[in-house]
Each structure stands twice: as C-alpha cells, then as structure tokens.
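Enquirer: using only what follows, build the 3D model:
(one chain, ligands or ions: 2)
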Amino acid sequence: MAEECIFCKIIKGEIPSQKIAETDELIAFNDIHPKAPHHYLIVPKKHLADLRNFEKEDMILGSKICALAQKISKDLGDIPFRLVISNGYDAGQRVYHMHVHFLAGRTFEE
Ligand code: AMP
Ligand code: ZN
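Expert: Ligands and ions are numbered 1, 2, ... in the order given. Next up is the predicted model:
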C-alpha cells in the first residue's frame, strides 16, 4: 500500500467508492467520471504503479483481471465491453496505481 495513493485508500475503505465486484486480489468500482454507461475500474489490491512495474509473479493478475471482466460482462447479460490500460503520463495515465478501465453500454469507434 502506498500512503498517498487514492486507489490504495479506496481499497482500505478510507475513501468511499461504489464497489461492484471484489475478489481476494482485485476490486472493481465505478469510475467517478464515467465515459460510458458502464465504466468500472478493475484494480489489483497490490500497489503496482503500472504494467512496467509488474514482476513475473504479478503477471497472473492479468488473467485474473480478464476473468473478472468476463464475470462483470456476464452479470450484465454478456454485454460487449472494452478494456483500456494506460501506462505512464504520456499514455494518459493519471492515477499511478495500475487499473483497467471496463467500458460498456455504448458503441465505440474502431
Ligand atoms: P487513468 O487516466 O487511466 O489513470 O484513469 C484514472 C481514472 O480514475 C479516471 O477515469 C478517473 O475518473 C478515475 N478516478 C479518479 N479518482 C477516482 C475516485 N475517487 N473514484 C473513482 N474513480 C476515480
Ligand atoms: Zn495504490
């Protein structure tokens, strides 16, 4: 846990969030500025800044994130969805605790 990290604070319950799913290693909650009717953030509970910081043993989180995204989609009736990960400022990342955007409920451009 990083002390000043907003997502670590959400994971610890120090900042409120609208949680939609949780496993022992992941949490998913509503994005505060949704860009789609369904916009969730899937976040590892372990503080990792972005994919560039993942060690070999962290890579298993990738498949667990995919499994949780599949479950969220299933719970919404197998809704089509987009996953987005930004890694670093120039890639558009603004919260430096690795997270995956789950976006669904509208048509996206290619
Ligand atoms: P990124 O630009 O990929 O780092 O995305 C960070 C996302 O976190 C943005 O879409 C923000 O709207 C979202 N966000 C920031 N603070 C909060 C918060 N307290 N609760 C929920 N989502 C947040
Ligand atoms: Zn964190």
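
Enquirer: remind me which helix or strand I42 belongs to.
Expert: In this assignment (DSSP states H and E), I42 forms part of strand 38-44.

Enquirer: for that strand, packing partners?
Expert: Where contact means 3 or more C-beta pairs under 8 Å, 6 or more residues apart in numbering; DSSP states H and E, strand 38-44 is packed against helix 6-12, strand 19-22, strand 26-30, helix 60-75, strand 100-104. In short, each C-beta sits where N, CA and C put it, glycine included.

Enquirer: so which residues make contact with the second one?
Expert: Translated: strand 19-22. Taking C-beta atoms under 8 Å, 6 or more residues apart in numbering as the criterion, the residues outside strand 19-22 that touch it are 27-30, 40, 42, 68, 71-72.

Enquirer: distance to ligand 1, pLDDT and neighbour count for the residues you listed - can I get that in JSON lines?
Expert: Written out in JSON lines, the entries for the contacts of strand 19-22 read as follows (distance: C-beta to the nearest ligand atom, whole Å; pLDDT from 0 to 100; neighbours: other C-beta atoms under 10 Å):
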{"residue": "I27", "distance to ligand 1": "11", "pLDDT": "98", "neighbour count": "21"}
{"residue": "A28", "distance to ligand 1": "11", "pLDDT": "98", "neighbour count": "23"}
{"residue": "F29", "distance to ligand 1": "6", "pLDDT": "98", "neighbour count": "20"}
{"residue": "N30", "distance to ligand 1": "6", "pLDDT": "98", "neighbour count": "14"}
{"residue": "Y40", "distance to ligand 1": "9", "pLDDT": "98", "neighbour count": "26"}
{"residue": "I42", "distance to ligand 1": "12", "pLDDT": "99", "neighbour count": "25"}
{"residue": "L68", "distance to ligand 1": "17", "pLDDT": "98", "neighbour count": "21"}
{"residue": "K71", "distance to ligand 1": "20", "pLDDT": "98", "neighbour count": "13"}
{"residue": "I72", "distance to ligand 1": "16", "pLDDT": "98", "neighbour count": "19"}
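
Enquirer: picking up where we left off before, other residues contacting the strand holding I42?
Expert: By C-beta under 8 Å, 6+ apart, strand 38-44 touches 7, 10-11, 20-21, 25-31, 58, 61, 65, 68-69, 72, 76, 79, 81, 97-105.
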